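Novice: Build me a structure from this.
(one chain, ligands or ions: 2)
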Amino acid sequence: MTTPVNVTVTGAAGQIGYALLFRIASGALLGPDVPVKLRLLEIPQAVKAAEGTAMELDDCAFPLLKGIDIFDTPEAGFDGANIGLLVGARPRTKGMERSDLLAANGGIFGPQGKAINDKAADDIRVLVVGNPANTNAYIAAASAPDVPAERFTAMMRLDHNRAISQLATKLDADVTDIKKMTVWGNHSADQHPDVSFAEVAGKPALDLVDESWIADYFVPTVAKRGAAIIEARGASSAASAANAAIDHVYDWINGTPEGDWVTPGIPSDGSYGVPEGLVFGFPAVAEGGEWKIVQGLELSETTKAGIQRNVDALVAERDEIKAMGIL
Ligand SMILES: NC(=O)c1ccc[n+]([C@@H]2O[C@H](COP(=O)([O-])OP(=O)(O)OC[C@H]3O[C@@H](n4cnc5c(N)ncnc54)[C@H](O)[C@@H]3O)[C@@H](O)[C@H]2O)c1
Ligand SMILES: O=C(O)C[C@H](O)C(=O)O
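Specialist: Numbering: from 1, shown residues only. Ligands and ions are numbered 1, 2, ... in the order given. This is a model prediction of the structure:
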């Protein structure tokens with residue numbers, strides 16, 4: 001039998017964890033022939049709830065699920081991990097400044113990065129979902145000097161999927177007709193959703209929608225969708241976030257379809273003027289388990305400005321965590 005892949009999920013007892021674990025166990029993360037072992041990492045107070053979720057996973061009798069273990073230290077949770085889904089994070093609570101949020105998450109993603117460095121399998125691939133996802137991924141990567149930085153990624157796929165859905169709705173098109181969508185930058189309201197290169201059933205999207213719709217509806221709707229979901233549900237997105245995490249990892253491992261690209265948050269190699277190392281949403285294809293940034297795109301002034309806005313925001317976060325001595 002194929003050796004099971006060890007998948008560590010942090011924040012396993014949270015709402016994204018609950019939407020994610022059953023899909024991983026069903027084979028959606030890696031494919032219908034790949035057995036998995038789940039390693040659930042939680043804080044001690046939430047271990048009991050994680051045990052409840054594990055009982056439910058058992059009760060599904062998933063053919064591909066070959067084991068579930070629950071841990072409350074990163075060293076144990078990431079021991080032998082092939083895939084790490086870093087979902088658990090410190091949410092912003094009332095009265096908390098942005099710097100407090102960065103400091104609290106630095107205290108989570110620094111030690112988790114170190115544990116990945118020391119304990120994970122050589123082929124470890126990490127997706128950070130917990131916010132602020134791009135900077136948390138940066139902190140984890142910087143805390144794992146022995147792991148290639150490009151193995152640390154942040155989730156921009158939810159923004160990418162939201163952008164596809166908005167364009168499809170506007171044009172009454174099928175989502176599968178939309179290719180080459182891009183969301184540059186940070187998973188925050190600063191992000192720059194970009195239809196410049198998108199195609200709809202083979203036609204340039206820019207020939208089908210006008211500039212005012214893009215600027216006044218599309219960009220703010222996609223960028224503020226997370227807040228709109230919170231407003232409507234009274235809780236942040238969970239199933240759509242879990243779905244995007246599945247899409248990101250599935251494509252990373254199995255490759256992106258020919259003639260299309262997706263948006264992962266990946267450490268910059270300096271492409272498009274983004275400072276090296278910043279974890280940034282880029283148009284990218286996956287081949288042989290590696291993300292490759294799509295090169296040679298001719299950027300409009302609007303796209304260049306959107307990229308710069310995100311660079312400035314992420315550089316500010318990076319400088320802030322360095323000033324706080326987190327790295
Ligand atoms: N990148 C994205 O697109 C995206 C989308 C939606 C949500 N998010 C973020 O994902 C994160 C999780 O969301 P949720 O709705 O599941 O939150 P949640 O509060 O329901 O669950 C978070 C879980 O993480 C656990 N946790 C906290 N610190 C931990 C640690 N050090 N180690 C292990 N587990 C820890 C908590 O005990 C809790 O069970 C949040 O930061 C949220 O903002 C990101
Ligand atoms: O958790 C949030 O603040 C929102 C989330 O990142 C989302 O985009 O849905």
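Novice: tell me the strands in the stretch 151-300 of the chain, going along the chain?
Specialist: Remark: strands assigned in the stretch 151-300 of the chain by DSSP state E, counting those that start in this stretch are 152-154, 178-179, 182-184, 192-194, 199-200, 203-204, 265-267, 279-281, 284-287, 290-293.
Novice: mind putting those in JSON lines, distance to ligand 1 and mean neighbour count included?
Specialist: No exception for glycine: its C-beta is placed from N, CA and C like everyone else's. Converted to JSON lines, the strands of the stretch 151-300 of the chain look like this (distance: least, Cβ to the nearest ligand atom, whole Å; neighbours: other Cβ atoms under 10 Å):
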{"stretch": "strand 152-154", "distance to ligand 1": "7", "mean neighbour count": "29"}
{"stretch": "strand 178-179", "distance to ligand 1": "19", "mean neighbour count": "20"}
{"stretch": "strand 182-184", "distance to ligand 1": "10", "mean neighbour count": "28"}
{"stretch": "strand 192-194", "distance to ligand 1": "13", "mean neighbour count": "27"}
{"stretch": "strand 199-200", "distance to ligand 1": "24", "mean neighbour count": "20"}
{"stretch": "strand 203-204", "distance to ligand 1": "28", "mean neighbour count": "13"}
{"stretch": "strand 265-267", "distance to ligand 1": "8", "mean neighbour count": "27"}
{"stretch": "strand 279-281", "distance to ligand 1": "10", "mean neighbour count": "29"}
{"stretch": "strand 284-287", "distance to ligand 1": "16", "mean neighbour count": "18"}
{"stretch": "strand 290-293", "distance to ligand 1": "16", "mean neighbour count": "18"}
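Novice: Let me know the pLDDT of the residue lying closest to residue 260 once chain neighbours are set aside.
Specialist: Excluding the flanking residues, the one nearest residue 260 by Cβ to Cβ, 6 or more residues apart in numbering is residue 179, at 4.5 Å. pLDDT for residue 179: 98.
Novice: Residue 179: what's it in contact with?
Specialist: 198-199, 259-261 (Cβ atoms under 8 Å, 6 or more residues apart in numbering).
Novice: Same question for residue 247.
Specialist: Counting by Cβ under 8 Å, 6+ apart, residue 247 has contacts 157, 161, 262.
Novice: got a list of what the last one touches?
Specialist: With contacts defined as Cβ under 8 Å, 6+ apart, residue 262 is in contact with 157, 160, 181, 247-248, 251, 256, 283-286.
Novice: and the residue of the protein nearest ligand 1?
Specialist: residue 14 (1.9 Å; Cβ to the nearest ligand atom).
Novice: doesn't residue 87 make contact with that residue?
Specialist: Yes - here residue 14 reaches residue 87: they are 6.5 Å apart, a contact under Cβ atoms under 8 Å.
Novice: pLDDT score for the residue nearest to the spatial centre of the chain?
Specialist: Nearest to the mean C-alpha position of the chain, by Cα atoms, centre = their mean, lies residue 155 at 1.4 Å. Residue 155 carries a pLDDT value of 98.
Novice: how near is the residue lying closest to it once chain neighbours are set aside to residue 67?
Specialist: What sits nearest to residue 155 in space, not counting adjacent residues and going by Cβ to Cβ, 6+ apart, is residue 129, at 4.8 Å. Distance, residue 129 to residue 67, by Cβ to Cβ, to the nearest Å: 23 Å.
Novice: coming back round to it: can I get the contacts of residue 247 in JSON lines including distance to residue 98?
Specialist: Below are the contacts of residue 247 laid out as JSON lines (distance: Cβ to Cβ, whole Å):
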{"residue": "157", "distance to residue 98": "24"}
{"residue": "161", "distance to residue 98": "26"}
{"residue": "262", "distance to residue 98": "29"}
